[in-house]
Each structure stands twice: as C-alpha cells, then as structure tokens.
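In: Need a 3D model of the following:
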Amino acid sequence: MNSKKLNVVVWGENVHEHTNEVVGRLYPEGMHATIAEALRELGPELEVGTATLQEDECGLTEERLANTDVLTWWGHCAHGDVPDEIVDRVQKRVLEGMGLIVLHSGHYSKIFKRMMGTTCSLTWREAGEKERLWVCNPGHPIAQGVDKYIELEQTEMYGEPFGIPAPDEQVFVSWFEGGEVFRSGCCWNRGNGKIFYFRPGHETYPIYYDKNVRRVLINAVRWAAPQGSIWKDEAPNIPIEDAPEKIEKCGDSLHAAGEEGFK
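Out: Sure, this is the predicted structure:
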C-alpha cells in the first residue's frame with residue numbers, strides 16, 4: 001500500500017481578516033488556517049500547509065508547487081495583486097496534474113478566469129439570506145456523506161447567469177431565499193488536472209466551520225488528487241529508430257530527427 005501523503009496547499013488572500021472586524025473575529029488566524037484545520041481533521045492521509053498573498057512569491061514558489069498535489073484558492077479584494085508570473089506557474093502545474101479547488105469569490109481570480117477562458121462573472125446580493133445547496137449528482141465522490149442538500153442560514157447570494165464554460169460535471173445547485181439559483185459545485189478537467197469550484201465561503205459568515213461544507217472540501221481534495229501519469233508541456237520528436245514499430249522514411253522532413261518539440 002502506498003503510504004505517501006497527499007500534499008495540499010491552502011492559499012488565502014488574507015486581507016479581510018486584517019481589515020474587517022467581523023472577519024477578524026470569525027477567523028482570527030485567517031480563513032486559510034481554518035480551512036487547513038478542517039482538512040487536517042478529516043484527512044489524516046493529507047499533509048496540509050498554507051500560503052498567503054503577503055508571502056514572498058505569494059507562498060507559491062516553483063519548488064513548492066512542484067511538490068503540491070492539490071491547491072485550494074480563496075481570494076476576493078486583491079485578485080489583481082497576484083502577479084501574472086504566479087498565475088502562469090499555477091496554470092502549468094494544473095495542466096501537469098495538480099488539482100485546483102476554487103472557493104467562493106475565487107471565481108473572479110486570475111487563475112480561475114485563466115483556466116476557464118471566460119469572464120466568470122455573476123449576479124450577487126449580500127443580505128444574509130438562507131441558501132440550500134442541492135445535491136444534483138449524489139453518486140459523485142464530492143457529494144459523498146452529504147444529505148439531499150446543505151442548508152446555510154446566512155450567506156451572500158450568487159445568481160445566474162454564471163459566465164463559465166459548461167461544467168464537465170455538476171455536483172451542487174443552489175437556491176436562495178430571494179429566489180435565485182446558482183451552479184454552486186462545478187467540475188472541469190484541464191490538461192491532466194482537475195478543477196472544482198465550490199460557491200459557499202463569504203467571509204462575514206462562519207461558513208468554513210459548517211460540518212457539511214468541511215465534508216465537501218475534503219471530498220473535493222481527494223477527488224482532485226493527481227491520477228496516473230503527469231502530462232508535461234512539451235512536444236518531443238520521436239526518431240525513426242525509436243518508433244514502436246519499424247517504419248521506412250518516405251519523403252523529406254522539415255525537422256531534424258530527434259530535435260526539440262515545437263516552440
């Protein structure tokens with residue numbers, strides 16, 4: 001049995017916790033710390049660390065990302081402060097096979113918009129209203145251990161239209177007290193990596209303490225973990241003598257045998 005632990009990095013913008021009294025009281029160590037605590041509690045097979053915007057290279061050095069199996073991402077008011085170099089770095093790792101879990105207002109992060117290729121815009125309202133996240137795919141691994149729906153007594157509303165490409169799989173759909181609905185749990189494959197967007201997580205409500213939300217987070221991390229071989233960003237030339245079957249060269253070739261892939 002493989003005893004190697006999955007390496008998970010919980011990335012948090014870590015701004016509201018220091019600028020808003022309500023958020024600071026709810027998450028005195030930061031939302032990223034609370035999410036990491038939940039994953040450690042529910043996932044003994046995980047090695048969980050955190051990273052924030054305030055750290056050098058946003059805490060996401062090339063070396064650290066190379067050893068990360070799943071990255072979770074929460075951001076809101078400082079999306080533009082994440083350097084494009086870091087976004088490039090994360091995108092490369094997702095295409096190679098690293099899982100990416102995007103949370104709540106992370107829908108408007110540079111990395112999520114990059115991976116979706118769309119605006120990722122939506123409608124919203126902050127009125128402390130009730131939300132029910134209905135499980136619309138009960139057989140999906142991310143929904144395991146969750147009842148018919150998750151009910152949150154107070155939350156921020158996100159509503160359709162949601163400017164995303166059609167999900168490969170839909171796990172949750174939300175209904176709000178004001179009548180709106182929203183695709184709140186969406187899955188995509190990009191390259192060799194898996195992406196899951198999960199809507200709940202507004203900073204002024206204690207959502208990341210909810211047991212059902214925590215269950216979804218651990219399920220999502222396990223689902224998004226790398227599977228099989230890692231795809232690399234390269235296009236190697238295969239010399240004739242290395243072909244699986246014997247072939248005879250016919251005609252001229254634009255490229256020299258064995259040269260590096262296309263740039």
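In: Residues contacting stretch 121-133, please?
Out: 107-108, 149-163, 172-178, 180, 182, 184-185, 199-200, 202, 205 (C-beta atoms under 8 Å, 6 or more residues apart in numbering). For every residue, glycine as well, the C-beta is placed using N, CA and C.
In: buried subset of those residues?
Out: 107-108, 149-150, 152, 155-159, 162, 172-176, 180, 182, 184-185, 199-200, 202, 205 (16 or more other C-beta atoms under 10 Å).
In: Point out where the stretch 151-263 of the chain drops to low pLDDT.
Out: 229-235, 250-251, 253-263 (pLDDT under 70).
In: Ignoring the adjacent residues along the chain, who's closest to the residue nearest to the spatial centre of the chain?
Out: Centroid-nearest residue in the chain: Ile101, 1.9 Å away (criterion: C-alpha atoms, centre = their mean). Distances taken as C-beta to C-beta, 6 or more residues apart in numbering place Thr72 nearest to Ile101, at 4.2 Å, with adjacent residues excluded.
In: ok, then the element right after whatever helix or strand Trp73 lives in?
Out: If you go by DSSP states H and E, Trp73 is part of strand 70-74. Heading C-terminal from strand 70-74, the first helix or strand you meet, by DSSP H and E, is helix 84-96.
In: mind listing the helices for this protein?
Out: Applying DSSP state H to the chain gives helices spanning 16-19, 21-26, 31-42, 62-66, 84-96, 110-116, 211-224.
In: Out of the ones you listed, which gets nearest to Cys77?
Out: helix 16-19 (6.9 Å; C-beta to C-beta).
In: Next, the buried residues of that closest one.
Out: Result for helix 16-19 [16+ other C-beta under 10 Å]: buried residues 16-17.
In: and if you look at stretch 6-24?
Out: 6-17, 23.
In: Just the terminal-to-terminal distance for it.
Out: Start to finish, the residues bounding stretch 6-24 are 30 Å apart (C-alpha to C-alpha, to the nearest Å).
In: Can you get me the centre-to-centre distance for it and its chain?
Out: 16 Å (C-alpha atoms, centre = their mean, to the nearest Å).
In: returning to what we had before: pLDDT (mean, whole number) over the strand holding Trp73?
Out: Per-residue pLDDT values across strand 70-74 average out to 98.
In: and that strand with helix 211-224, angle?
Out: 140 degrees (axes from the mean of the first three to the mean of the last three C-alpha atoms, to 10 degrees).
In: name the helices or strands packed onto strand 70-74?
Out: strand 6-12, helix 31-42, strand 99-103, helix 211-224 (3 or more C-beta pairs under 8 Å, 6 or more residues apart in numbering; DSSP states H and E).
In: hmm, 6 Å instead?
Out: Here strand 70-74 touches strand 6-12, strand 99-103, going by 3 or more C-beta pairs under 6 Å, 6 or more residues apart in numbering; DSSP states H and E.
In: The closest residue to Glu151 other than its chain neighbours bridge partners, please.
Out: Closest residue to Glu151 apart from its sequence neighbours, by C-beta to C-beta, 6+ apart: Arg132 at 5.2 Å. Here Arg132 sits in beta bridges with Glu151, Trp175, going by DSSP bridges.
In: Look up how far Pro239 lies from Arg132.
Out: 59 Å (C-beta to C-beta, to the nearest Å).
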